[in-house]
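[1] model this:
(one chain, ligands or ions: 4)
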Amino acid sequence: MSTRRRIGGALAATGLALLAVTTPVANARTGDPARGLYSVEGASTAEKRTEVARAGVDVAGSRGGALTVVATPAQAASLRANGFGLKPLGDFDSMLKQRSDRAGTAAVAGDFPPGDEAYHTYAETTAELRKAAKDHGDIATLSSVGKSYEGRELNLLKISDNAGTDETEPEVLFTCNQHAREHLTTEMCLRIVQRFTSGYASDPALKKLVDEHEIFVLPNVNPDGSEYDIAGGEYQGWRKTRKPVPGSGAIGTDPNRNWDYKWSCCGGSSDDPSAADYHGPSAFSEPETKAVAEFVDSRVVGGAQQIKTHIDFHTFSELVLWPYGYTQAETDTGLSAEEAKRFADVGKKMAATNGYTPEQSSDLYVTDGDVNDWAWGKHKILSYTFEMYPKDGGIDGFYPPASVIPEQTARNDKAVDILITEAGAPAPTASPSSKSADGRT
Ligand code: 3K0
Ligand code: CA
Ligand code: CA
Ligand code: ZN
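    Ligands and ions are numbered 1, 2, ... in the order given. Alright, predicted model coming up:
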C-alpha cells in the first residue's frame, strides 16, 4: 500500500509539494475529486453552521466560531460564493495517507494502520464480545439485532444479573460507531463491556448497577463502514453506510439522518446521494438503522418501553447533545418544558464529570432523522449523543493515536454510571398546561 500513488489527470501526487488545496487531485481508488480540509470562518451561529452543513460538505468538527469541513472543490467554491471565509488546512486524501503511514511500517491486511493496532477491528470486537459472554455467562449474553448490508451481525451484548431472563429492571442502551470513521466510539462500547463484566465480582458499586438494570451494548452500528474505512491499511475518512444508493452512482447513507422521526423534514440533512449527510432514499432505508430500531421497538413490553436512557457515541468535539436536533426550539411536539429541563439537567450533570460542553443538538447545527430525535420522539427514551475526544482538530480528530484509548474512554465512566442510574428515576411530572404528546401528566 505504501507505494500506491494517487493520480489525478496528468497530475501525480508524489508528496507534500503537491498538496496545494486548490489543485483537484482525484482519489485514484474511488475516482472522487480531491477533497480539501478547511476551517470555515464566520460560522458562529447555529443558523450559519446549518447553512454550511447544507452545502453538502462533511462537517468534521466545530472549534470556537469555526467549523472544520471536508469539501470538494465545487463545495468550497459554493461556500465562498455564499460569503464564508475558508482557511485551507490541507488536502484531505493526502492527510489521510500521511496519517495512515505515520509509523512508517507496512500495514497488515484487514487491521488498523501500523501503530493503531490496539483499535479493535470488527472481528476483534466480535471476539471480545464472545469472550465476555463466555467468561461471564451469568451476567452477559450475546445476540444480534440483525445484519448489516454486507451481512455482518449487528452484535448486541446484554449485561445484567440473570442475563438470560427478561427481568423487570430499567433498561439502558449504548450504541457506538454509527459513523464509520469514529473508531474511538467502538472502544468506548468495549470499555463499558469490560468494566461491567470484569468489575462485577470485585466492585460493589458496579455490581449494583448491573444487578438493578439491564444494560444493552451495541458496539458496531455500521460495521460495513468501519471495515471499509480501514481496508487496505489506509484510512479512508469514510462516514456513511456502504449500501449503494439506487439510481445513483453513489454509495452510502448517513445513518444518523436515516431514522424515522421527522426524517428529512427541516433542512438538517441532504437530498444529494453523494453528500456526507445524505438521508437515504427513505427513512430506515439502511438495514442497520432499521435493525437497531426494530430492537428498540421490541423492548416495548406490556405497552411500556423498557429502555429508559441511551447514549449514542460519536467523535469528535467533546460535546453532550440532546434533542431535538430538527428544530432550534427548546420545546416542541412531545417535548415539554419539564422534559427539556430534564434533558438539560442530566446532560449537564454528565458533562460536569467528563468536561464536555453540554447543549441541545441543534445548537451545533440542525440535524433531522438523527437517532436521539427518534428515540425520544417515538419512545420517550432519554437519548443523548456524546461527541468524544478530541475537542478540535483536522482529519487527525477522527484518528487519535491508540495510546489515548484508555484515558479517553475511562473519561466517560462516571457519565455512563449517571445515565444508567437515571434509567431508574421517575420521568418528570408535567404541569397540566404542557402535557407531553402521549397525554401523560
Ligand atoms: O445529534 C447530533 O447533533 C449529532 C451530531 C453528529 C452528526 O450526526 O452530525 N456529529 S458528527 O457527525 O460529527 N459525529
Ligand atoms: Ca437482571
Ligand atoms: Ca426487562
Ligand atoms: Zn458521528
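[2] from here on, contacts and neighbour counts on C-alpha atoms
    Will do.
[3] neighbouring contacts of the longest helix anywhere in the chain?
    The longest helix of the chain (DSSP state H) is helix 337-354. Counting contacts by CA atoms under 8 Å, 6 or more residues apart in numbering, the residues outside helix 337-354 that touch it are 319-323, 330-331, 357-360, 382, 384, 411-412, 414-416, 418-419, 428-431, 434.
[4] just the buried ones from these?
    The neighbour-count test (16 or more other CA atoms under 10 Å) marks 319-323, 330-331, 357-360, 382, 384, 411-412, 414-416, 418-419, 430, 434 as buried among these.
[5] and the longest helix of the chain, how far from the chain's centre?
    Centre-to-centre, helix 337-354 and its host chain are 20 Å apart (CA atoms, centre = their mean, to the nearest Å).
[6] whichever helix or strand comes after it and ligand 1, any residue contact?
    The helix or strand immediately downstream of helix 337-354 is strand 357-360, counting by DSSP states H and E. No. Shown here: strand 357-360 not in contact with ligand 1 (CA under 6 Å from any ligand atom), separated by at least 7.9 Å.
[7] other residues contacting strand 357-360?
    Residues outside strand 357-360 that contact it (CA under 8 Å, 6+ apart): 318-325, 330, 344, 347-348, 351.
[8] so which of the buried ones among the contacts of helix 337-354 belong to helices?
    Using DSSP H to define helices, the subset of the buried ones among the contacts of helix 337-354 located there is Lys414, Ala415, Val416, Ile418, Leu419.
[9] ok, now how distant is the last one from ligand 3?
    For Leu419, the distance to ligand 3 (CA to the ion, to the nearest Å) stands at 17 Å.
[10] would you confirm that that residue contacts Lys308?
    No. Counting by CA atoms under 8 Å, Lys308 is not a contact partner of Leu419; they are 9.4 Å apart.
[11] between those two, which contacts overlap?
    Residues touching both Leu419 and Lys308 (CA under 8 Å, 6+ apart): Val172.
[12] contacting residues for the nearest residue to Ala375 once chain neighbours are set aside?
    Counting by CA to CA, 6 or more residues apart in numbering, the nearest residue to Ala375 once its immediate chain neighbours are dropped is Ile381, at 5.4 Å. Going by CA under 8 Å, 6+ apart, Ile381 touches Ile307, Lys308, Thr309, His310, Ala375.
[13] near ligand 3 at all, the helix or strand hosting the third one?
    Which is Thr309. Applying DSSP H and E as the criterion places Thr309 in strand 307-315. No. If you take CA under 5 Å from the ion as the test, strand 307-315 misses ligand 3, and the best it gets is 8.4 Å.
[14] list the neighbouring strands of that strand plus their orientation.
    Using DSSP bridges, strand 307-315 pairs in its sheet with strand 171-176 (parallel), strand 382-388 (parallel).
[15] could you export these as CSV, including mean pLDDT?
    Below are the strands paired with strand 307-315 laid out as CSV (pLDDT from 0 to 100):
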stretch, mean pLDDT
strand 171-176, 99
strand 382-388, 98
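[16] who wins for proximity to Asp297 among those strands?
    strand 171-176 (12.6 Å; CA to CA).
[17] run through the neighbouring helices and strands of whatever helix or strand comes next after the closest one.
    On the C-terminal side of strand 171-176, the nearest following helix or strand under DSSP H and E is helix 183-198. For helix 183-198, the packing partners by 3 or more CA pairs under 8 Å, 6 or more residues apart in numbering; DSSP states H and E come out as helix 122-135, strand 153-159, strand 171-176, helix 204-212, strand 214-218, strand 307-315, helix 405-410.
[18] how about helix 183-198 and ligand 4, any contact?
    No. Judged by CA under 5 Å from the ion, helix 183-198 stays clear of ligand 4, getting no closer than 9.1 Å.
[19] can you list the residues that contact that helix?
    Identification of contacts with helix 183-198 by CA under 8 Å, 6+ apart yields 119-120, 125, 128-129, 132, 136, 139-140, 157, 159, 174-177, 206-207, 210, 217-220, 226, 313-315, 388, 398-400, 405, 409-410, 413.
[20] same question for stretch 256-273.
    With CA under 8 Å, 6+ apart, stretch 256-273 has contacts from 50, 53-54, 56, 178-179, 245, 248, 250-253, 276-280, 282-286, 289-290, 326-327, 365-371, 373-374, 377-378.
[21] any quick PyMOL command for the buried ones out of the residues you listed?
    Filtering the contacts of stretch 256-273 down to the buried ones (16+ other CA under 10 Å) takes a single PyMOL command:
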select buried, resi 50+53+54+56+178+179+245+252+253+276+277+278+279+280+283+284+285+286+289+290+326+327+365+366+367+368+369+370+371+373+374+377
